[in-house]
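Enquirer: Please find the sequence and the predicted model below.
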Amino acid sequence: MTLGSNKAKEKTDGIRTMEDFAAHVGLSRPTVSKYFNDPASVREKTRKRIEKAITDSGFRPNLFAVNLKRQRTKILGVIIPNAIDPFYMELTRRIEEIATDAGYFAIVLSSNGRPDLEAEAIERFESMNVAGAIVAPLGQSRGQSKLDSLASRVPLIYVDAPGQEGMPYIGTDNSQSMGLIVDYLCRSGTPPCFLGMPEVNLNARQRRRAYEEAMDRAGQEPRVLPSDPVDSWDFEAVAHRQMAKALAAGLPYSTLLCANDRLAFGALLAAWEAGIKVGRDPGSRLRIAGHDDHPLARYACPPLTTVAQDYAEIARLATNRLLVMLDDKAPATTAEATSDAILLKASIMLRASA
């Protein structure tokens with residue numbers, strides 16, 4: 001390393017803060033901050049000067065610290081109940097993409113299905129002074145009171161399950177989706193009995209009710225399989241256990257509809273272990289269908305018939321609605337910008353299991 005490069009390194013090693021960088025580039029702190037908020041907002045000559053200094057020094061601002069100093073930050077909070085569920089993984093991935101394009105960055109926290117962790121996540125976002133939040137709520141009273149408090153301070157959008165009545169909500173129309181799959185199963189074979197989710201959020205109750213209403217419309221008797229009162233997001237294990245019990249006792253119908261695909265995976269394993277062939281071909285004894293179109297549904301054995309939620313569209317509508325509420329430029333129709341609840345239609349995915 002040459003003497004000149006040593007001096008240059010000494011000069012840039014001391015750059016730790018925005019103030020240090022502003023002094024290094026020879027511009028005011030507000031001008032430098034303006035550039036990092038929006039490079040197009042400064043003159044071209046100034047922009048090139050700053051960008052050269054960034055290249056030379058390798059400086060990157062601590063955006064989190066910068067945001068905390070603002071009256072309104074560029075942080076969007078996202079709370080989900082399960083970080084490894086593919087639905088929430090895809091949802092948050094798309095939210096992050098849209099937020100980044102709009103000049104925000106999203107911070108995702110998981111409640112892991114626990115109301116106390118949901119409340120803690122809300123408190124963290126309040127301390128971060130987030131600009132707004134997107135939440136898939138558990139629907140428990142403690143978390144709801146915290147969410148109401150957050151919603152009184154910043155714009156908040158609910159996804160997947162609704163929050164308080166009248167609050168913005170983007171999700172799947174469970175009545176339509178359950179009606180679609182129940183109608184198909186009744187027309188194509190025996191009517192379905194139902195394996196529900198553990199009561200971990202409002203969706204569990206909504207989907208069971210939607211199944212019962214769809215069976216009534218079809219002129220069939222709803223038959224909900226008995227379940228243990230567990231509070232678990234380990235849907236595959238729960239369904240495997242419940243299905244084994246139901247098969248031993250005798251299913252009321254030779255078709256099973258599961259409240260989500262992860263439950264269906266557990267049910268498929270229990271049927272296989274019992275030596276029961278699943279499918280819609282003449283040699284099969286049982287049909288199994290699900291809900292959501294899990295990424296692995298098409299690779300199950302047999303491939304799972306289900307109804308598909310539009311993950312990406314839920315994320316797009318929720319994030320754009322939040323940006324509109326923050327008065328930022330975001331593509332949104334009148335309906336997207338004003339409707340309290342937007343419920344998306346599901347589409348049926350016919351595969352070999354039913």
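Expert: Thanks, I have it. Numbering: from 1, shown residues only.

Enquirer: from here on, contacts and neighbour counts on C-alpha atoms
Expert: Noted.

Enquirer: So residue 158 lies in a helix, does it not?
Expert: No - Residue 158 is assigned strand when assessed by DSSP: H, G, I helix; E, B strand; the rest coil, not a helix.

Enquirer: I'd like the distance from it to residue 108, if you could.
Expert: Plainly put, residue 158 is 14 Å away from residue 108 if you go by CA to CA, to the nearest Å.

Enquirer: So which residues of the stretch 101-250 of the chain form helices?
Expert: Listed from the start of the chain, the stretch 101-250 of the chain has helices (DSSP state H, counting those that start in this stretch) covering 115-128, 141-151, 174-188, 202-217, 235-249.

Enquirer: Show me where the stretch 101-250 of the chain dips below the pLDDT cut-off.
Expert: Applying pLDDT under 70 to the stretch 101-250 of the chain picks out residues 140-143.

Enquirer: about what we covered before: out of the helices of the stretch 101-250 of the chain, flag the one nearest residue 354.
Expert: Set against residue 354 and scored by CA to CA, the helices of the stretch 101-250 of the chain come closest in helix 174-188, at 7.5 Å.

Enquirer: Report the angle between the closest one and helix 202-217.
Expert: Taking axes from the mean of the first three to the mean of the last three CA atoms, to 10 degrees, one finds helix 174-188 and helix 202-217 inclined to each other by 40 degrees.

Enquirer: Take the helices of the stretch 101-250 of the chain and write them to a markdown table, including distance to residue 21.
Expert: Below are those laid out as a markdown table (distance: least, CA to CA, whole Å):
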| stretch | distance to residue 21 |
| --- | --- |
| helix 115-128 | 25 |
| helix 141-151 | 35 |
| helix 174-188 | 53 |
| helix 202-217 | 50 |
| helix 235-249 | 51 |
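
Enquirer: Would you format the ones you listed as a markdown table with distance to residue 290 and mean neighbour count included?
Expert: Converted to a markdown table, these look like this (distance: least, CA to CA, whole Å; neighbours: other CA atoms under 10 Å):
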| stretch | distance to residue 290 | mean neighbour count |
| --- | --- | --- |
| helix 115-128 | 27 | 18 |
| helix 141-151 | 29 | 16 |
| helix 174-188 | 9 | 20 |
| helix 202-217 | 11 | 19 |
| helix 235-249 | 12 | 18 |
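
Enquirer: Which among those helices is found nearest to residue 288?
Expert: Here helix 174-188 is closest among the helices of the stretch 101-250 of the chain (CA to CA), at 9.6 Å.

Enquirer: which other residues reach that closest one?
Expert: By CA atoms under 8 Å, 6 or more residues apart in numbering, the surrounding residues in contact with helix 174-188 are 191-192, 206-207, 210-211, 214-215, 218, 255, 257, 306-307, 345-348, 354.

Enquirer: out of the helices of the stretch 101-250 of the chain, nearest to residue 54?
Expert: Closest among the helices of the stretch 101-250 of the chain, once you apply CA to CA, is helix 115-128, at 27.1 Å.

Enquirer: any idea how far stretch 129-148 is from the chain center?
Expert: How far stretch 129-148 lies from its chain's middle: 14 Å, per CA atoms, centre = their mean, to the nearest Å.

Enquirer: next one: stretch 89-99
Expert: Distance, centroid of stretch 89-99 to centroid of chain: 8 Å (CA atoms, centre = their mean).

Enquirer: contacting residues around residue 223?
Expert: Residue 223 sits next to 192-194, 252 when contact means CA under 8 Å, 6+ apart.

Enquirer: export those residues to JSON lines and tack on distance to residue 276?
Expert: Below are these laid out as JSON lines (distance: CA to CA, whole Å):
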{"residue": "192", "distance to residue 276": "17"}
{"residue": "193", "distance to residue 276": "17"}
{"residue": "194", "distance to residue 276": "18"}
{"residue": "252", "distance to residue 276": "15"}
